[in-house]
Structures are given as structure tokens and as C-alpha cells.
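need a structure here:
(one chain, ligands or ions: 1)
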Amino acid sequence: MRIGVLGGGQLGRMLGLAGRPLGFTFTFLDPADECPAAIAGDVIRAPFDDPAALDRLAETSDVITWEFENVPEPSAMRLAESRAVHPPSRALGVSQNRLLEKQSFARLGIPVVRHAAAKDEAGTRRALETIGLPAVIKTQRMGYDGRGQRVVRAVADVAPAIAALGDAPLIVEAFVPFRRELSVIAVRSRRAEIACYPIVENHHADGILRRSLAPAPDLAPALAAAAERYARAVLEDLDYVGVLAIELFETDGGLLANEMAPRVHNSGHWSIEGAETSQFENHLRAISGLPLGATAARGVSAMVNLIGTMPDLALLLAAPGAHVHLYGKTPRPGRKLGHVTLRADDRTALARALEALPV
Ligand code: AMP
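Residues are numbered from 1 along each chain as shown. Down below sits the predicted model:
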């Protein structure tokens, strides 16, 4: 089967690497000069909204998907006129707008943080009267990896925060004093089967994922069940096909959904070595009409992102049990260059392996 992928980053690379053993071939469409996915298939180098390039992608593919969530929804819709496109293009529209996203969660009975829309400084001040301080002001659109958001602790912080975010529709959220961040990764097939990976614990710094632990240690079974229920509700509501990730806050009062990603997700990379079937393979199985693979964890795993600078490969590989994945990207501050997964039979052994990892 020929798979067309909008986006040619590391997620595309890992999709391609997972699909080759199954006999799938790949064409990636990406505007960037540097394309990590190029090792796994052909590349059409063009903007995501270039009609000729989209038509070429359709001609060379049987099924189309994406690995980048800011792909324009109209591009996915154009492709859907002639080819099977999974997930559904409307999942892009929802996930690209933080307000729509929270409204969709709420409509499905999924708890979200107190929030309000705002247009400008006066509107933000008004929103803060009901939301309270501290709060997080975010642009409604084009935010990921901590971009497009500012924490405000006092009214005096509002003006500089708005100036930094630029002239864009905003969402004002209460600051959540969470215990920890979790994510749920689930997959729905074309036959409407659903499978859910164990819930993952995530550690961020500067809005960028640094480390994931899977399964999340000491998670109350009721919370794990709730997270899975939320994922199912979103998958069914959107008649979704493929892998979906939902990021959650664990609070004293239970879970709050923060955002969703309609694609394979960084907090699921552990599944390459740490689960019976990786999120990448399961995404491909789902979109191509094949049965899903088991999502059970094989022991316990930790995934550590390599960000900004590349540690010495020999040193990384000298760490016992380290599985290293490099994305072939030029180092730059804040850039995800690769990740390392450690897998162990129990938490004590995993903690020891993590201590020995030179990152
Ligand atoms: P986001 O871009 O919404 O995924 O936010 C990036 C990171 O900022 C999250 O992973 C949290 O660590 C933090 N964050 C986002 N929203 C809130 C909030 N309302 N309260 C506290 N922390 C937040």
C-alpha cells in the first residue's frame, strides 16, 4: 500500500520506518529543506497548500494521513475528494484551535480548565475577573511545544503578555496547580475497533516534553479508566481513524483535558520498544484497514528526548538498555533531535538505567 503523509518530520520518519517491514511505501509532502522522513520514502518539497503538490501526493498514494497537526484543513479536504484521508480532516480544525478543542471536550462531558475567549487587553482583563489569577493566556491558534502562551500572575503582567503574543484571538485559562501531566494515546481502526495504550506520565520544561514514563507510575485505576473513556468519546465523536493523543492534567479533583493531537505523539515514542505494537505501526494498521495490534506495555519504559544539542552517540549507547533514535536534524536550541527509550522489567531497574543515561 502507498501511504501519503503531510509533513516530513521525525514523526513521518518513524511512521515510515514502522511501515516498511509491512511492505508499505511512503511519499511525504513537506516545505522544509531538511526532511527527517526522507530516509523512509519519497519527498515532495512544497508548501502544504500548493494545489499541484497536493494533487501529486494524491496520485502517488492510496491512503493519506499527516504527521504535523498544523496542516491546513482545506488541504486535507482537497485530498479527501479523491483519496481516503485518515484521520478525518475536521480533527485538524478542532485541534488547531484551543477554544474549539476545549468546547469539544466539554460537549463530550470531558472536564476542562475554567477558560474564556478574549480579543484584546481589555477583554483579557474582563476574562480574568471570572477566571482569577494566576492564569495562562494563550493564542487560540498555532500553539504547540509551549509556543504562543504566557503565564500572568498579576494584572500588571497582562499588557506585556498580550504584546508578546501579538494581535490574535486569545483564550484565557485558569492556571492549573496540577500534580502531574499525563497523556492517553488511543487508536481507532477503519473497522471502528479501539485500543488504548497505558496512560503515560510526562515531564515538560519550557513547554517542551523532556521525559515520559510508561505506564504512569501509581496511577489510580479510576483515573486511568476515565482517561480511556475520554479518548474513546473523542474517537467516536469524530468517527476518527488513526492514533489520537490527549494531554491531561492530574489534579486533586481528578483529570482535566488540556489538548489533543490528531496524530502519533511524542509521548508515545516509548511504544516502539515498550509496547507489543508501536503507535506508529498501529496508526498505519488503522488507516490502511488492517486489524490493530496489542497495545499492552512490555514491562516499564522511560523515554528521554534529546533537545538542542546532541550527546555523544557512543556514550548514549554505552548506557545499558538504551535504544537511541536520531532524527537527522541540525542541532538548534529547543529542537527535538532524537530520543532514547529505556525498557526494564520493574521500576527499580528502570530508575537505575535512567541514572546511568548521560542526558
Ligand atoms: P500547551 O501548549 O497547552 O500544551 O501547554 C504547554 C505546557 O504548558 C503544558 O504541558 C503545561 O505544562 C503548561 N500549561 C498549559 N496550560 C496550563 C494551565 N492552564 N495551567 C498550568 N499549566 C499549563
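
relative to Ala225, how far out is Ala46?
Here Ala46 is placed at a distance of 44 Å from Ala225 (Cβ to Cβ, to the nearest Å). To be clear about C-beta, it is placed using only N, CA and C from the backbone, and glycine gets the same treatment.

oh, that last question was meant for Thr60, not what I typed.
42 Å.

neighbour count winner among these two?
Set Thr60 next to Ala225 and count neighbours by other Cβ atoms under 10 Å: Thr60 wins out with 17 against 11.

just say helix, strand or coil for the nearest residue to that one once chain neighbours are set aside.
Leaving aside its sequence neighbours, Thr60 sits nearest to Thr27 (Cβ to Cβ, 6 or more residues apart in numbering; 4.8 Å). The three-state assignment at Thr27 reads strand, by DSSP: H, G, I helix; E, B strand; the rest coil.

tell me the contacts of Gln289?
Let me fix one detail, which is that residue 289 is Gly and not Gln. Applying Cβ atoms under 8 Å, 6 or more residues apart in numbering to Gly289 gives the contacts Ser189, Arg190, Arg191.

ranking those by neighbours, who comes first?
Ser189 (20 neighbours).

contact residues of the stretch 251-359 of the chain facing the ligand?
Residues of the stretch 251-359 of the chain lying near the ligand by Cβ under 6 Å from any ligand atom: Asn258, Glu259.

which regions of the stretch 251-359 of the chain lie under the pLDDT threshold?
Along the stretch 251-359 of the chain, no part satisfies pLDDT under 70.

where do the strands of it begin and end?
Along the stretch 251-359 of the chain, the segments classed as strands by DSSP state E, counting those that start in this stretch run 254-261, 300-307, 322-326, 336-344.

out of the ones you listed, which is closest to Leu133?
strand 254-261 (18.1 Å; Cβ to Cβ).

quick check: neighbours of the closest one in the sheet, parallel or antiparallel?
strand 242-251 (antiparallel) (DSSP bridges).

give me the buried positions along the partner strand.
Gly242, Val243, Leu244, Ala245, Ile246, Glu247, Leu248, Phe249, Glu250 (16 or more other Cβ atoms under 10 Å).

and what of stretch 119-132?
Applying 16+ other Cβ under 10 Å to stretch 119-132 flags Gly123, Thr124, Ala127, Leu128, Ile131 as buried.
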